[in-house]
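Peer 1: this is the structure alone, sequence omitted:
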């Protein structure tokens, strides 16, 4: 009787497994969420942006981070388009229209400070400008197009992911001084309104500008050179994009 019972139990288990595999085979699994993201490399050869505390152009930093971000997004299953990576795209107003039909436009930059805060130092005998007073990332969105809400949602998601990754937003751009005074759109996550940025106000899709760090800050420049730090940045952006666009 015991042997018959064991054989019957084995048959029943086998039948259950066959039925279970049949059910699983009939299910349709949705693929991982995929978006199309345009990555704008801030500045260009003729006007390369801020010169870092060690004499390197912002464009060089922007290009490296943009390429690493594109690779990270592609690895996560997204489609990417690099804009301005040849260093020749001198008409900023024509950049974001190239991303028409995509899901998100991210302009990648590195930050500076107002001239009044700069001092001179001489690394290796060369006079260069620096300011260690300010540091941190910043994000900007424009209210002059139809996608402010979606732009802000993604900017806030990126800011929150950056904070979780250990980065601190800079409050510098909100200071009530000439050349700044950019109101907060999301103070906790370091997002500001900057309505007249050419690459944002001309965008026909959700768009934001990301300042990864302050290059005239001598310590922060070294952090921006660190591959491990940049990986934390691109991982944070990649995670946030996967959330805000769904």
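Peer 2: Noted; the coordinates are in hand. Fair warning: this is a prediction, and the values are worked out from it, not measured in the lab.
Peer 1: report the contact partners of the residue nearest the centre of the chain.
Peer 2: By C-alpha atoms, centre = their mean, the chain has its centre lying nearest to residue 237, at 4.2 Å. With contact set as C-beta atoms under 8 Å, 6 or more residues apart in numbering, residue 237 has these partners: 69, 72-73, 106, 158, 161-162, 210. Quick note: C-beta positions are derived from backbone N, CA and C, even for glycine.
Peer 1: apply 10 Å and report the result again.
Peer 2: 37, 39, 65, 69, 72-73, 106, 108, 154, 157-158, 161-162, 165, 210, 212 (C-beta atoms under 10 Å, 6 or more residues apart in numbering).
Peer 1: and the residues you listed, which of them are in strands?
Peer 2: Mapping these onto strands (DSSP state E) picks out 37, 39, 106, 108, 210, 212.
Peer 1: need the pLDDT of the closest residue to the second one other than its chain neighbours.
Peer 2: On the basis of C-beta to C-beta, 6 or more residues apart in numbering, the spatially nearest residue to residue 39 that is not a chain neighbour turns out to be residue 66, at 5.0 Å. At residue 66, the predicted lDDT confidence score is 98.
Peer 1: same check on residue 176?
Peer 2: 89.
Peer 1: helices of this structure, start to end?
Peer 2: Using DSSP state H, the helices of the chain run over 2-26, 58-75, 148-164, 198-201, 218-225, 227-244.
Peer 1: what are the buried residues along the fifth one?
Peer 2: The neighbour-count criterion (16 or more other C-beta atoms under 10 Å) identifies 218, 220-221, 223-224 as the buried residues of helix 218-225.
Peer 1: max pairwise distance over those: which two?
Peer 2: Greatest spatial distance in those: 218 and 224, 11.1 Å, computed using C-beta to C-beta.
Peer 1: so where's this structure uncertain?
Peer 2: 1-32 (pLDDT under 70).
Peer 1: rewinding a little: so for residue 173, which of the helices of the chain sits nearest?
Peer 2: helix 148-164 (13.0 Å).
Peer 1: list the buried residues in that closest one.
Peer 2: Using 16+ other C-beta under 10 Å as the test for burial, helix 148-164 gives 148, 150-163.
Peer 1: distance from the chain centre to it, please.
Peer 2: 9 Å (C-alpha atoms, centre = their mean, to the nearest Å).
Peer 1: counting by contacts, list what that helix packs against.
Peer 2: strand 104-111, strand 138-141, strand 184-186, strand 191-193, strand 207-214, helix 227-244 (3 or more C-beta pairs under 10 Å, 6 or more residues apart in numbering; DSSP states H and E).
Peer 1: residue 132 is nearest to which of these?
Peer 2: Across the helices and strands packed on helix 148-164, closest to residue 132 is strand 207-214 (C-beta to C-beta), at 9.0 Å.
Peer 1: between that closest one and helix 218-225, how many degrees?
Peer 2: 120 degrees (axes from the mean of the first three to the mean of the last three C-alpha atoms, to 10 degrees).
Peer 1: partner strands of strand 207-214 and their direction?
Peer 2: strand 104-111 (parallel), strand 138-141 (antiparallel) (DSSP bridges).
Peer 1: tell me what angle the first one forms with helix 58-75.
Peer 2: What separates the directions of strand 104-111 and helix 58-75 is an angle of 140 degrees, with the same axes, to 10 degrees.
Peer 1: can you point out the buried residues in strand 104-111?
Peer 2: 104-111.
Peer 1: before we move on, back to that, in JSON lines, list the strands paired with strand 207-214 along with distance to residue 129.
Peer 2: Shown next, in JSON lines, are the strands paired with strand 207-214 (distance: least, C-beta to C-beta, whole Å):
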{"stretch": "strand 104-111", "distance to residue 129": "14"}
{"stretch": "strand 138-141", "distance to residue 129": "20"}
